[in-house]
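**Q** Build me a structure from this.
(chains A and B)
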Amino acid sequence: MSPAPSTSAAPRATRAPGATVIEIDGVTKLYKMGAETVHALRGVSLNVRRNEYLAIMGPSGSGKSTLMNMLGCLDTPTSGRYFFGGKNVSTMTDDELADIRNREIGFVFQTFNLLPRSTALANVELPLVYAGLGSTARREKAGLTLANVGLGDRMGHKPNELSGGQRQRVAIARALVNNPSILLADEPTGNLDSRTGEEIMQLLEELYAQGNTIIVVTHEEDIARHARRIVRLRDGLIESDVSQA
Amino acid sequence: MRPAEIIRMALGSLGANKLRSALTMLGITIGVFSVIGVMTAVSALRGSIEQGISFLGSNIFQFAKWPINGGSPQGRRKYELRRDITLEQGLRFMRLMEGSADIICLKTFEQRRGGQAFYNGRKTPPGLTFGGTNEHFLSANQFSIDLGRNLTPDDVDLARPVILIGADVRKRLFPSEDPISKVIKFNDHTYTVVGVFAEKGNQFGRSGDSIAMVPITRFLNDYGVEGHTVNIATQAPNQTVYNALMDRAITAMRIARGLAPEQENDFEIYSNDSIISIFASVADVVAAGSFVISGIALLAAGVGIMNIMLVSVTERTKEIGIRKSLGARRKSILTQFLLEAVAISLAGGLLGILLGVVGGNAIAMLLKAGAIFPWQWAFIGLVVCSGIGVGFGFYPAWKAARLDPIEALRFE
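**A** Now for the predicted structure:
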């Protein structure tokens, strides 16, 4: 990978959005925290279509983490409806949610969340293990995906033998390896220095160009600027939803 | 998700905590070791007894006042009240059996103090097996003569002060001398050594060579008839007449004892089979006892496994969250942790079986029994260990499986 050029100068291609992947309608989420009830989401409606590059922004406490957990099928809404690829997620069982996470969603976390004792290759293989793929096919697919994020020569390294940027690339490879419908990145550059962060954003840009649907959750304007559409949350409600060139 | 993958994952995480896994394993190992060890020793002993180590010679049955294990404490009174079997009754029995059984061994033993031999300033330890008998002692008790001669009918008729000594007694008293024709002091009397028994070795932890026998007539003269009941061993010429001969002998014994038809036998009848069955019942008690103790040990070890698995689940909350975010179902997580518990338990069990078989056979070897591998117990041991792994691993695994993925991912 070449170092990323300054994004403001780069001409950006915006791909035409395809079929609707995510359809959220009037979703609320209540938490009980001790005696208090917290309204994390107060009625959010949002559609995401294939080939979109979306940023979800908001200050802490705005409900963006809750929305991200909801989008990632880690959580179900208190009320309202959530359709993923036409299927109603709100009523799914834990195991059905696990299958959706496995096949349809690729997570990229701020803290990478790699298994520390496993090699880069084994980490990337993990979603394929849960998908029930055989070991030969798995190794081949995971190897190709790692090579695609520029880590073809680091497959046997464990996370503590890799730099922060490399770790996040492993995490991205892991998120992509099962060809998910969306890539869900939560503050993907939050633990990286700005130059490495920029490289990761460049990688996401390339992945978007290759046809992936990307949702980035962030509180940084610089990061959000990479996306083609920015959704801003405040106090559990969508404040604005703007597409940009 | 494939079973092989889950097994690999489970073993992988055990490998990451080697010391902890090993210590947890140890509890199981100890429990399994004790049960397998005892079972191996008992089975080996039982096996060699059944394969023909005989307490008595072949085709022999014996009449005695006391049952072989002395009777139960409650039942003891019944045997105490019995008349001793006297030499006269024994001789009468022999006359009645003349023609149908030629080999009838009469024997009586010094039960309370045993014997101690002295010669030329040397002495044996006290507690030798010591008694009086006739010329048929050898075949009835599977002894043979190494040196000198056996007792003769004349020795018995004339109550000669002669003695047969075992190999241990010879080693003690005559380390470099020929013992034949030497006069030794034995307990309170003196006897001339006429023969030495061939070495018999240990049997069930008791030396068969710490023994000395004199003519039964001499014995009763020297030590009195009081408390010296006579045991009568009869050898059938072959297996086919054995049962018929025993029937006849019981009748002869009843006559010799002067029993009226309505009286029941006031003597015990035992054979190799009955001795074996008594040994077997003792072995069963030992086995049952060790079974219970091992069961308790295994229970404690199971609690140890549960404890360590709970710690492991807490420590690896983040890992569980990551796995769930990548699409692990509850069942996958459950199986992974369950298999870890089973793997610890099984590894401990295998080691325990190995040590138990080695230890049990070592004990069996000391008791002169052949080595065996108790397949049945080993198999049961493995099944029980798997059961413990599943039983005590289930709660921690279930706890892991139902962790909320969001909470788990947030865990640091």
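
**Q** can you pull the contacts of residue 94?
**A** All of this is about chain A. B:R329, B:R330 (Cβ atoms under 8 Å, 6 or more residues apart in numbering or on different chains). All C-beta spots, glycine's among them, are computed from the backbone N, C-alpha and C.

**Q** Oops, wrong one, chain B.
**A** B:I104, B:L106 are the contacts of B:M94 under Cβ under 8 Å, 6+ apart.

**Q** Can you pull out the low-pLDDT segments for chain B?
**A** Scanning chain B for pLDDT under 70 picks out the ranges B:1-2, B:48-57, B:69-74, B:202-207, B:368.

**Q** hey, which strand is longest across it?
**A** strand B:189-197 (DSSP state E).

**Q** Which elements pack onto that strand?
**A** Helices and strands touching strand B:189-197, by 3 or more Cβ pairs under 8 Å, 6 or more residues apart in numbering or on different chains; DSSP states H and E, are strand B:145-148, strand B:162-165, helix B:167-173, strand B:183-186.

**Q** So which of the ones you listed has the densest surroundings on average?
**A** Most buried of those, by mean neighbour count (mean count of other Cβ atoms under 10 Å in any protein chain shown): strand B:162-165, with a mean of 27.

**Q** quick one: contacts of that one?
**A** Identification of contacts with strand B:162-165 by Cβ under 8 Å, 6+ apart yields B:117, B:137, B:145, B:148, B:150-151, B:155, B:173, B:179, B:184, B:186, B:191-197, B:211-215, B:218.

**Q** Assign residue 96 to helix, strand or coil.
**A** No chain in the question, so chain A it is. At A:E96, secondary structure determined by DSSP: H, G, I helix; E, B strand; the rest coil is helix.

**Q** not quite, I wanted chain B
**A** Under three-state DSSP, B:L96 falls in the helix class.

**Q** quick one: which helix or strand includes the nearest residue to it once chain neighbours are set aside?
**A** Excluding the flanking residues, the one nearest B:L96 by Cβ to Cβ, 6 or more residues apart in numbering or on different chains is B:A252, at 3.9 Å. Per DSSP states H and E: B:A252 is located in helix B:242-257.

**Q** Tell me which residues touch A:L133, please.
**A** Taking Cβ under 8 Å, 6+ apart, one finds A:K141 in contact with A:L133.

**Q** can you rerun that using 10 Å?
**A** By Cβ atoms under 10 Å, 6 or more residues apart in numbering or on different chains, the contact list for A:L133 reads A:E125, A:P127, A:R139, A:E140, A:K141, A:A142, A:V177, A:N178, B:M1, B:R2, B:E5.

**Q** Now rank these by neighbours and give me the top one.
**A** Highest neighbour count within the contacts of A:L133, by other Cβ atoms under 10 Å in any protein chain shown: A:P127, with 29 neighbours.

**Q** these two touch, right, it and A:N102?
**A** Yes - shown here, A:P127 and A:N102 form a contact pair, counting by Cβ atoms under 10 Å, at 5.9 Å.

**Q** got any residues that touch both of the two?
**A** A:N178, A:P180, B:S325, B:L326, B:G327, B:A328.

**Q** returning to what we had before: roughly how far apart are the residue nearest to B:L96 and B:C105?
**A** 15 Å (Cβ to Cβ, to the nearest Å).

**Q** what does B:F392 give?
**A** Distance, B:F392 to B:C105, using Cβ to Cβ: 59 Å.

**Q** Could you do B:R316 as well?
**A** 74 Å.

**Q** The two: who's more crowded?
**A** It is B:C105, of B:R316 and B:C105, that has more neighbours when counted by other Cβ under 10 Å, with 25 against 21.

**Q** Distance check, the more buried one against B:G224.
**A** Applying Cβ to Cβ to B:C105 and B:G224 gives a distance of 21 Å.

**Q** likewise B:A408?
**A** From B:A408 to B:G224 the distance is 87 Å (Cβ to Cβ).

**Q** if you count what's nearby, which of these two comes out ahead?
**A** B:A408 (21 against 9).

**Q** Quick one: residues in contact with the host helix or strand of the more buried one.
**A** For B:A408, the host element (DSSP H and E) is helix B:405-410. Residues from elsewhere that reach helix B:405-410, judged by Cβ under 10 Å, 6+ apart: A:65-66, A:68-69, A:72-75, A:94, A:97-98, A:101, A:107, A:109, A:111, A:113, A:186, B:316-326, B:328, B:333, B:400, B:403-404.

**Q** Which of those residues fall within strands?
**A** Applying DSSP E to these, the entries found in strands are A:F107, A:D186.

**Q** what ranges do the strands span in chain A?
**A** Under DSSP E, chain A gives strands at A:20-33, A:36-49, A:53-57, A:79-84, A:87-88, A:105-108, A:182-186, A:213-218, A:229-234, A:237-243.

**Q** circling back to that earlier point, what packs against the helix holding B:A252?
**A** Contacts defined by 3 or more Cβ pairs under 10 Å, 6 or more residues apart in numbering or on different chains; DSSP states H and E place helix B:242-257 against strand B:60-64, helix B:87-97, strand B:231-235, strand B:268-271.

**Q** Next, format these as TSV and append distance to B:V169.
**A** Listed next are the helices and strands packed on helix B:242-257 as TSV, based on distance: least, Cβ to Cβ, whole Å:
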stretch	distance to B:V169
strand B:60-64	25
helix B:87-97	25
strand B:231-235	22
strand B:268-271	27
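
**Q** For A:R15, find the nearest of those.
**A** strand B:268-271 (97.5 Å; Cβ to Cβ).

**Q** Return the distance of that closest one from the chain's centre.
**A** When distances are taken as Cα atoms, centre = their mean, to the nearest Å, strand B:268-271 is centred 20 Å away from the chain's centroid.

**Q** excluding its backbone neighbours, what's nearest A:T20?
**A** A:T20 sits nearest to A:R49 (Cβ to Cβ, 6+ apart), 5.1 Å away.

**Q** The one you found: what's it in contact with?
**A** Contacts for A:R49 (Cβ under 10 Å, 6+ apart) come out as A:A16, A:P17, A:G18, A:A19, A:T20, A:V21, A:I22, A:E23, A:T213, A:R229.

**Q** before we move on, what about B:G360?
**A** Taking Cβ under 10 Å, 6+ apart, we find B:G360 in contact with B:33-45, B:371-374, B:377.

**Q** beta partners of the residue nearest to the spatial centre of chain A?
**A** In chain A, the C-alpha nearest the mean C-alpha coordinate belongs to A:L184, at 1.1 Å (Cα atoms, centre = their mean). As for beta bridges, A:L184 partners with A:F107, A:I215 under DSSP bridges.

**Q** For it, give its distance to B:G381.
**A** Going from A:L184 to B:G381 by Cβ to Cβ gives 49 Å.

**Q** Kindly report the same for A:G156.
**A** Distance from A:G156 to B:G381, by Cβ to Cβ: 40 Å.

**Q** The two: which has the busier surroundings?
**A** Applying other Cβ under 10 Å to A:G156 and B:G381 shows that B:G381 carries more neighbours, namely 26 against 10.

**Q** Wait, a helix at the more buried one?
**A** Yes - under three-state DSSP, B:G381 falls within a helix.

**Q** Can you give me the end-to-end span of stretch A:212-227?
**A** Length of stretch A:212-227, first residue to last, Cα to Cα, to the nearest Å: 13 Å.

**Q** If we go by neighbour counts, what in that stretch is buried?
**A** Of all the residues in stretch A:212-227, those buried under the rule 16 or more other Cβ atoms under 10 Å in any protein chain shown are A:N212, A:T213, A:I214, A:I215, A:V216, A:V217, A:T218, A:I223, A:A224, A:H226, A:A227.
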